[in-house]
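J.: this one's sequence-less:
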């Protein structure tokens, strides 16, 4: 995939912060090349439909920014603040989202295939119909998140959920463990066959995988 602006594209709204606005304007005027936005404050912008593939957005402030349908393929967004951002239908394939903040973000219908999410705060995020195939979700906080209809496939799925996390229609296969947070804040780790029973008991078609990627069998212990 190539990086650069799509032909004729320009942001529907520029960032409020002047330095960030100038950087975006210069990039659009150039019409091609990698976008370098590490550390910039892009709040107030509407980047819907933009091509930010392979962009550098390390530590950028994208809180509340609209990125509907944007292409963020292989973008480096480690440590970025995407709280409340709208990423509906966005391409986040192989995107680095380690240590990013996705609290309250909207990722409905987004494609996060093979993306990296380590240490991510995704509390209250909407991920309805989101593709997580092959993505690494490690130490991801999904309390209050909505994953209705989302798809996983051989995912590392070391996540934290609670009673308000919506998993209706979640399908696919994962490696655990999952940490279930109770109303009193206590955490229960679910792994192996115990995690499989937890998924099955909620009517979810999610297969828990043993090390090596095979489905769990009766001979596997509860923490396999």
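T.: Received the coordinates, thanks. This one's a predicted model, so the numbers in the text were calculated from it and none came from an experiment. Numbering: from 1, shown residues only.

J.: you'd agree residue 59 is up against residue 78?
T.: Yes. If you go by C-beta atoms under 8 Å, residue 59 and residue 78 touch, sitting 7.3 Å apart. C-beta here means a position set from N, CA and C on the backbone, and glycine is covered the same way.

J.: And those two? Which one has more around it.
T.: residue 78 (20 against 17; other C-beta atoms under 10 Å).

J.: Give the closest residue to the more buried one in space, chain neighbours not counted.
T.: In space, and not counting its chain neighbours, residue 78 is closest to residue 98: 4.7 Å by C-beta to C-beta, 6 or more residues apart in numbering.

J.: those strands in this structure, which residues are they?
T.: 116-118, 136-141, 151-162, 171-175, 178-181, 187-190, 205-208 (DSSP state E).

J.: How about the last one, which residues are buried there?
T.: The one in question is strand 205-208. 206-208 (16 or more other C-beta atoms under 10 Å).

J.: what about it, distance to the chain center?
T.: 20 Å (C-alpha atoms, centre = their mean, to the nearest Å).

J.: Kindly report the same for the fourth one.
T.: The chain centroid and the centroid of strand 171-175 are separated by 16 Å under C-alpha atoms, centre = their mean.

J.: where does this structure dip in pLDDT?
T.: Along the chain, segments meeting pLDDT under 70 span 1-7, 32, 217-224.

J.: Counting residues, what is the longest helix that it contains?
T.: For the chain, the helix with the greatest residue count under DSSP state H is helix 18-30.

J.: how about that helix: buried residues?
T.: 20-21, 23-24, 27-28.

J.: Residues contacting it, please?
T.: The contact list for helix 18-30, computed with C-beta atoms under 8 Å, 6 or more residues apart in numbering, reads 5, 9-11, 14-15, 33, 35-37, 40-42, 45.

J.: Present the residues you listed as JSON lines; the columns should include distance to residue 152.
T.: Shown next, in JSON lines, are the contacts of helix 18-30 (distance: C-beta to C-beta, whole Å):
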{"residue": "5", "distance to residue 152": "32"}
{"residue": "9", "distance to residue 152": "32"}
{"residue": "10", "distance to residue 152": "36"}
{"residue": "11", "distance to residue 152": "33"}
{"residue": "14", "distance to residue 152": "37"}
{"residue": "15", "distance to residue 152": "34"}
{"residue": "33", "distance to residue 152": "35"}
{"residue": "35", "distance to residue 152": "30"}
{"residue": "36", "distance to residue 152": "32"}
{"residue": "37", "distance to residue 152": "30"}
{"residue": "40", "distance to residue 152": "32"}
{"residue": "41", "distance to residue 152": "33"}
{"residue": "42", "distance to residue 152": "30"}
{"residue": "45", "distance to residue 152": "31"}
